[in-house]
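A.B. asks: need coordinates for the following:
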Amino acid sequence: MLALPLALAALAAAPPPPAAVPPAPPVLSIPYQMFRLENGLTVILHVDHTAPIVGVHVQYDVGSKDEKPGRTGFAHLFEHLMFQGTQHLPKGLADRLLDAAGGEGNGSTSDDTTVYWEQVPSNALEQTLYVEADRMGWLLPTLDQPKLDNQREVVLNERRQSYEMRPYGLAFERIQAALWNPEFPYHWLTIGSPADVEAANLADVREFFQRWYGPENAVLAIAGDIDPDRTRALVEKWFGGIPGKAKPLHALPVPVPLAAEQRITMEDRVQLPRLYLVWQSPGDFAPGDAELDLLGTVLSDGKSARLVKRLVMDERIAQSVSAGQMSQALAGMFVITVNPKPGVSLERLEREVDEELARIAKEPPTAQELERAKNKIEAGAVFALEPLGGFGGRAASLANYYLRTGDPGYLEKDLERYRLATASDLSVAARTFLRKDARVALTVVPRAAAAAPAQPGSAR
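C.D. replies: Numbers count the residues shown, from 1 in each chain. Sure, this is the predicted structure:
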């Protein structure tokens, strides 16, 4: 009967075991090989034999950030023109080749970059490289006035459908115009102004293509079921003959900070009003970028996030709320959007959002909130690596990290920014960047209500 008490006494007298050291997070990386052709084309290869699939990703270091006032929308216009046929592939033939192989492809333009991608069975790699090489090297011989006129109308119609006829569609045009000074290239939408698109002539677009769309300003990333030696030979075969030139210089303008809060009320054909609060914020990988990313997650990602819990779950005065950091090459935007419940004033929503921002600027988030935000961001990074090609995936990750940092394998360094962030860092970011006197506050109101007296604190 004495054995158990004696054993317990011995345990009590023994020194406590050393605290368990939490395991280090796994290193996330995408193995790759990189080489450069004589014409300046950077090529990145990633091998994965899990499935007989290949992702091909061509990324040009050009976007609407490389335009200038009066000549906006050119990068997006060229995204369309690049699908209109080349010297060796008349319009529609490239798509038919891709479809016949059982593949898919698409393209996109942003403020910073232009992307074309395909994901195909691995036995269709060569014809996919042929399509992209012809797009890069042999588009101009077939670019004529009828093609320009046709795609100009397509772009103008896209603007009508995606912006002018869509509820709240022109909100960000107003926001960007107020947030950035007119010379800063994020001042306008990527799609450009209708007047600029209509004014573009053949000489303008040819000059824009010759300046920005050569191999020296592009990255080709190929990920999947490939043999590196054979793939390198195919890249040399199809891209090696495209003439290169000196890499174009990118302007690096610095935005003018807002000197005061900008308040705008905008009428639209909508049923309910909407509130946007937008700040200038750091660009990609700049100090404060990761902290604001984490802060956006703490504020609005999930039912327990601060703004969601208060406005949507507890008080039930908002239908939805979102907050997040939109970082880009030259600068970023931190955006909060709130959709009210019917009958709830935007003034009340703005006041409560400001209270939460003031609280988190004064008192850091809890350790649990911070850990949850870090886990969400890291999990998102892991899941994003599942595809080989497409809008995202491993090929896109390698190409984008190379263009933004010069290192295709920057993923682990990128994640380390989030792992090292402290709760106090998030409060500092809120105090530094989310000041009430340096933001754009845009309210979108139903057109019929726009003539009503303005609420206190609002401007028309």
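
A.B. asks: domain ranges for this protein?
C.D. replies: The record assigns the chain these domain ranges, following automatic domain parsing: 33-239, 262-364+422-449.

A.B. asks: nearest to Ile377, out of these?
C.D. replies: Proximity to Ile377 (Cβ to Cβ) singles out domain 262-364+422-449 among those, at 6.5 Å. Every residue, glycine included, has its C-beta placed from N, CA and C.

A.B. asks: quick one: distance of that closest one to the chain centre.
C.D. replies: Offset of domain 262-364+422-449 from its chain centre (Cα atoms, centre = their mean, to the nearest Å): 18 Å.

A.B. asks: any idea of the mean pLDDT for it?
C.D. replies: Domain 262-364+422-449 shows a mean pLDDT of 97.

A.B. asks: going along the chain, name the strands of this structure.
C.D. replies: All strands of the chain, identified by DSSP state E, fall at 33-36, 42-47, 53-60, 104-109, 114-121, 218-224, 262-268, 274-281, 318-327, 332-340, 439-446.

A.B. asks: deepest-packed of those strands, please.
C.D. replies: Among those, strand 218-224 has the highest mean neighbour count (mean count of other Cβ atoms under 10 Å), at a mean of 28.

A.B. asks: average pLDDT across that one?
C.D. replies: On average, strand 218-224 scores 98.

A.B. asks: quick one: list the elements packing against that strand.
C.D. replies: Here strand 218-224 is seen to pack against strand 42-47, strand 53-60, helix 125-137, helix 228-239, helix 393-405 when contacts are counted using 3 or more Cβ pairs under 8 Å, 6 or more residues apart in numbering; DSSP states H and E.

A.B. asks: and for the first one, what's in contact with it?
C.D. replies: Pointing back at strand 42-47 there. The contact list for strand 42-47, computed with Cβ atoms under 8 Å, 6 or more residues apart in numbering, reads 30-37, 218-226, 228, 231-232, 235, 239, 394-395, 398-399, 402, 408.

A.B. asks: quick one: the helices and strands packed on strand 218-224 as JSON lines, columns for distance to Leu292 too.
C.D. replies: Converted to JSON lines, the helices and strands packed on strand 218-224 look like this (distance: least, Cβ to Cβ, whole Å):
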{"stretch": "strand 42-47", "distance to Leu292": "29"}
{"stretch": "strand 53-60", "distance to Leu292": "25"}
{"stretch": "helix 125-137", "distance to Leu292": "35"}
{"stretch": "helix 228-239", "distance to Leu292": "38"}
{"stretch": "helix 393-405", "distance to Leu292": "17"}
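
A.B. asks: for Arg359, which of those is the nearest?
C.D. replies: That would be helix 393-405 among these, by Cβ to Cβ, at 33.5 Å.

A.B. asks: list the buried residues in the closest one.
C.D. replies: 393-404 (16 or more other Cβ atoms under 10 Å).

A.B. asks: next, the angle from that helix to strand 53-60.
C.D. replies: Per axes from the mean of the first three to the mean of the last three Cα atoms, to 10 degrees, the angle that helix 393-405 makes with strand 53-60 is 20 degrees.

A.B. asks: ok, Leu81 - contacts?
C.D. replies: 139, 143, 147-148, 151, 205.

A.B. asks: distance-wise, check Gln161 relative to Thr231.
C.D. replies: 39 Å (Cβ to Cβ, to the nearest Å).

A.B. asks: which ones are touching the closest residue to Asp293 other than its chain neighbours?
C.D. replies: Counting by Cβ to Cβ, 6 or more residues apart in numbering, Asp293 lies nearest to Gln325, which is 4.7 Å off, once chain neighbours are set aside. By Cβ under 8 Å, 6+ apart, the contact set of Gln325 is 281, 289, 292-293, 295-296, 332-334.

A.B. asks: just those residues now: which is nearest Val58?
C.D. replies: Gly332 (25.5 Å).

A.B. asks: is it true that the closest one touches Pro282?
C.D. replies: Yes: using Cβ atoms under 8 Å as the test, Gly332 is close enough to Pro282 to be in contact (5.5 Å).

A.B. asks: so what sits against both of those two?
C.D. replies: Joint contacts of Gly332 and Pro282 (Cβ under 8 Å, 6+ apart) are 289, 292.
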